[in-house]
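Asks: A structural model of the following input is requested.
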Amino acid sequence: MELAIFLSTVLFVSLIQIAIPFLVKRTVAFGVTIPYEQTRNPKVLKYKKWYAFVTTVVALAVIIGLIVLSTILDETKLVLVGSLFPFFVLFSGLSLYFYFHYKITKLKKVHEWYSGIKQVHYADLDARSKDEMLASFVHFIPMIITVTLIILTVNLFEQLPNQIPTHWGPDGKPDAFTDKSWMSVLNLPIVLFVLQLMFFGINFFTKHSGIKINAGNVTSSKLRQLRLRKYSSWFLFVTNIIMTLLFAGLQLNLLYEQLFSDSFLLLLPFVFLLVVLVGALWLAVKVGRVDSDLEGKLATGESSKIESVDEDSYWKGGLFYFNPNDPSIFVEKRFGIGWTLNLANPIGYFVILFPIAIILILSFLIFKWF
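Replies: Numbers count the residues shown, from 1 in each chain. Purely as a prediction, here's the structure:
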């Protein structure tokens, strides 16, 4: 089971890493804004292919390494060592990204790609009316389940055993315990509720973020933005539901001992991981098929002498967005599919970091008492 999980994770991470340069919007290459007419530049295409090739080689080496290690290590050691392999793939991809980010930046500067191109801010008042993002209140639905769990846990508190499991081994059986307390018993549903609040905040502020359309390719870039908003909101909601079912299953098994078999409990996290990975891949394809290299066709009937304003100065390394003049809290990633924070807006820190801080504090308190 552990090998299957690690192989699935590495395979997913690798596929996404390999495909990313071809899925991001075509006017961004390795985090650098380029004019629409340069999207088929031979050097730009060459860099993307080299990134994909090297990432593929690394991924194959990691997969072979995992399979070999599974034959010589026991389960415990395989879990410790195998958990590092997906991060190795990510680190390798990130290193390649920064290398080609530098190459594209230099290429753009030397050839003065934006010389003679008029840069404008493009606004489409009709785009907002076509936005199909899910309403934020849908995230209240899983919250109802969590509140019900909390109430049920409070009512059954006196009936629970004096020792509460805090960790489960590879066989699905609990292998670490702590004394019964309100904190240890309510930890899971409280963490779940905090995560649900974070999901609500992400959806709410994403829905109110700006819809940025490329003036050099209005039709495709508009469609991409609308798809990103629609499908990412669905992905967030489905993830919330699956996560809620996972936490609810674990909490119910705590309240009603042996409600689920050990094998079922062991299977739950794997199903959750599989659904999230497949959903992320689905999101990447649905969004990445538009206004990217995968779309194939180039825009026609639109001027190549007009482009959206080059915002490279607001992107640190092409990954971190810091623009105090932009009221949006979340903006489309430049490398990857999805959203990233506008680090110049303090509300974003509250939406993401505050819930994480609460979870870390709760975890610290539990382990301190343990």
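Asks: mind checking the pLDDT average for the longest helix along the chain?
Replies: The longest helix of the chain (DSSP state H) is helix 218-255. Here helix 218-255 scores 90 as its mean pLDDT.
Asks: mind listing what's buried along it?
Replies: 218, 220-237, 239-251, 253-255 (16 or more other Cβ atoms under 10 Å). To be clear about C-beta, it is placed using only N, CA and C from the backbone, and glycine gets the same treatment.
Asks: just the helices in the stretch 151-300 of the chain please.
Replies: Assigned by DSSP state H, counting those that start in this stretch, the stretch 151-300 of the chain shows helices spanning 182-207, 218-255, 262-288.
Asks: Ile72: which of these is closest?
Replies: helix 262-288 (23.5 Å; Cβ to Cβ).
Asks: toward the C-terminus, what is the element adjacent to the closest one?
Replies: strand 306-308 (DSSP states H and E).
Asks: how about CSV for the helices of the stretch 151-300 of the chain, with distance to Ile359 added?
Replies: Below are the helices of the stretch 151-300 of the chain laid out as CSV (distance: least, Cβ to Cβ, whole Å):
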stretch, distance to Ile359
helix 182-207, 5
helix 218-255, 12
helix 262-288, 17
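Asks: how about those, which one is nearest Leu80?
Replies: Closest approach to Leu80 among those (Cβ to Cβ): helix 262-288, 17.2 Å.
Asks: got the angle for that closest one vs helix 218-255?
Replies: Interaxial angle of helix 262-288 relative to helix 218-255 (axes from the mean of the first three to the mean of the last three Cα atoms, to 10 degrees): 170 degrees.
Asks: care to break the protein down by domain?
Replies: 1-114, 125-370 (automatic domain parsing).
Asks: least reliable of the ones you listed by average pLDDT, please.
Replies: Across the domains of the chain, domain 125-370 gives the lowest mean pLDDT, at a mean of 83.
Asks: still on that earlier bit, among the helices of the stretch 151-300 of the chain, which is nearest Tyr47?
Replies: Comparing the helices of the stretch 151-300 of the chain by Cβ to Cβ, helix 262-288 comes nearest, at 17.9 Å.
Asks: packing partners for the closest one?
Replies: helix 2-23, helix 218-255 (3 or more Cβ pairs under 8 Å, 6 or more residues apart in numbering; DSSP states H and E).
Asks: about what we covered before: out of the helices of the stretch 151-300 of the chain, which comes closest to Ile16?
Replies: That would be helix 262-288 among the helices of the stretch 151-300 of the chain, by Cβ to Cβ, at 6.3 Å.
Asks: for Val194, list the residues it contacts.
Replies: Pro355, Ile358, Ile359 (Cβ atoms under 8 Å, 6 or more residues apart in numbering).
Asks: next, find the distance separating the closest residue to Ser136 other than its chain neighbours from Val13.
Replies: Spatial nearest neighbour of Ser136, chain neighbours left out: Phe204 (4.2 Å); criterion: Cβ to Cβ, 6 or more residues apart in numbering. For Phe204, the distance to Val13 equals 29 Å [Cβ to Cβ, to the nearest Å].
Asks: returning to what we had before: how much space between the residue nearest to Ser136 and Met133?
Replies: 10 Å.
Asks: more crowded one of the two?
Replies: Met133 (19 against 15; other Cβ atoms under 10 Å).
Asks: do you have the helices of the stretch 1-150 of the chain handy? List them.
Replies: Going by DSSP H, counting those that start in this stretch, the stretch 1-150 of the chain shows helices at 2-23, 42-72, 75-82, 85-111, 140-155.
Asks: packing partners for the third one?
Replies: Which is helix 75-82. Using 3+ Cβ pairs under 8 Å, 6+ apart, helix 75-82 is in contact with helix 2-23, helix 42-72.
Asks: restricting to C-alpha, output it in CSV.
Replies: C-alpha atoms of helix 75-82 as CSV (Å, rounded to 0.1, in the frame of the first residue of the first chain):
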residue,chain,number,x,y,z
GLU,A,75,7.6,-0.7,5.7
THR,A,76,8.8,1.7,8.4
LYS,A,77,12.0,2.7,6.6
LEU,A,78,10.2,2.8,3.2
VAL,A,79,7.7,5.3,4.6
LEU,A,80,10.5,7.5,6.0
VAL,A,81,12.6,7.4,2.8
GLY,A,82,9.8,7.3,0.3
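Asks: mind listing what's buried in it?
Replies: Buried-residue list, helix 75-82, by 16+ other Cβ under 10 Å: Leu78, Val79, Gly82.
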